[in-house]
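[1] Provided below for reference: sequence and predicted model.
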Amino acid sequence: MFKKMFELGEEQVGKLAQQLLSNEKFVNAMQTIVGNTLKAKGMMDKNLRVALSAMNLPSVSDVEALRKKLDELEETIQRLEESVSKLSDRK
């Protein structure tokens, strides 16, 4: 019985979703909401970067840039270690 009720509910939700997605006003409203949300997130990210900068704290992009430089440095050190090891093996 529960399985039958669940299937009926699932079917009704599917029909409702189809009706909503076929409604142009609903789709336009959802697009507007998503667009406004993305704009608000962009403004919030910008304001957060400004606030972090004012407090002399690194932003996420600053930390990512530093991580990239550290990774490059690690690769360089590893290559140098390999070269030194090869040179010492020759002696």
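    Structure received. No experiment lies behind these values; they were computed from the predicted model shown. Numbers count the residues shown, from 1 in each chain.
[2] by contact count, what packs against the strand or helix carrying Gln12?
    Assessed by DSSP states H and E, Gln12 sits inside helix 2-22. The contact analysis (3 or more Cβ pairs under 8 Å, 6 or more residues apart in numbering; DSSP states H and E) places helix 2-22 against no helix or strand. C-beta: built from backbone N, CA, C; applies to glycine.
[3] Name the residues that touch it?
    For helix 2-22, the surrounding residues in contact (Cβ atoms under 8 Å, 6 or more residues apart in numbering) are Phe26, Val27.
[4] ok, then the element right after that helix?
    Going down the chain from helix 2-22, the next helix or strand is helix 24-54, by DSSP H and E.
[5] That next one to helix 2-22, inter-axis angle?
    Orientation check (axes from the mean of the first three to the mean of the last three Cα atoms, to 10 degrees): helix 24-54 against helix 2-22 gives 80 degrees.
[6] pLDDT on helix 24-54, on average?
    Throughout helix 24-54, pLDDT has a mean value of 94.
[7] Keeping just the C-alphas, turn the helix holding Gln12 into PDB.
    Extracted in PDB, the C-alpha atoms of helix 2-22 (Å, rounded to 0.1, in the frame of the first residue of the first chain):
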ATOM      1  CA  PHE A   2       2.800   2.400   0.900                       C
ATOM      2  CA  LYS A   3       4.600   1.600  -2.300                       C
ATOM      3  CA  LYS A   4       1.400   2.400  -4.300                       C
ATOM      4  CA  MET A   5       1.000   5.700  -2.400                       C
ATOM      5  CA  PHE A   6       4.600   6.600  -3.100                       C
ATOM      6  CA  GLU A   7       4.300   5.800  -6.800                       C
ATOM      7  CA  LEU A   8       1.100   8.000  -7.000                       C
ATOM      8  CA  GLY A   9       2.900  10.800  -5.200                       C
ATOM      9  CA  GLU A  10       5.900  10.500  -7.500                       C
ATOM     10  CA  GLU A  11       3.700  10.600 -10.500                       C
ATOM     11  CA  GLN A  12       1.900  13.700  -9.300                       C
ATOM     12  CA  VAL A  13       5.200  15.500  -8.600                       C
ATOM     13  CA  GLY A  14       6.300  14.600 -12.100                       C
ATOM     14  CA  LYS A  15       3.200  16.100 -13.600                       C
ATOM     15  CA  LEU A  16       3.500  19.200 -11.500                       C
ATOM     16  CA  ALA A  17       7.200  19.600 -12.600                       C
ATOM     17  CA  GLN A  18       6.200  19.200 -16.200                       C
ATOM     18  CA  GLN A  19       3.500  21.900 -15.800                       C
ATOM     19  CA  LEU A  20       5.800  24.300 -14.200                       C
ATOM     20  CA  LEU A  21       8.600  23.800 -16.700                       C
ATOM     21  CA  SER A  22       6.100  24.300 -19.600                       C
END
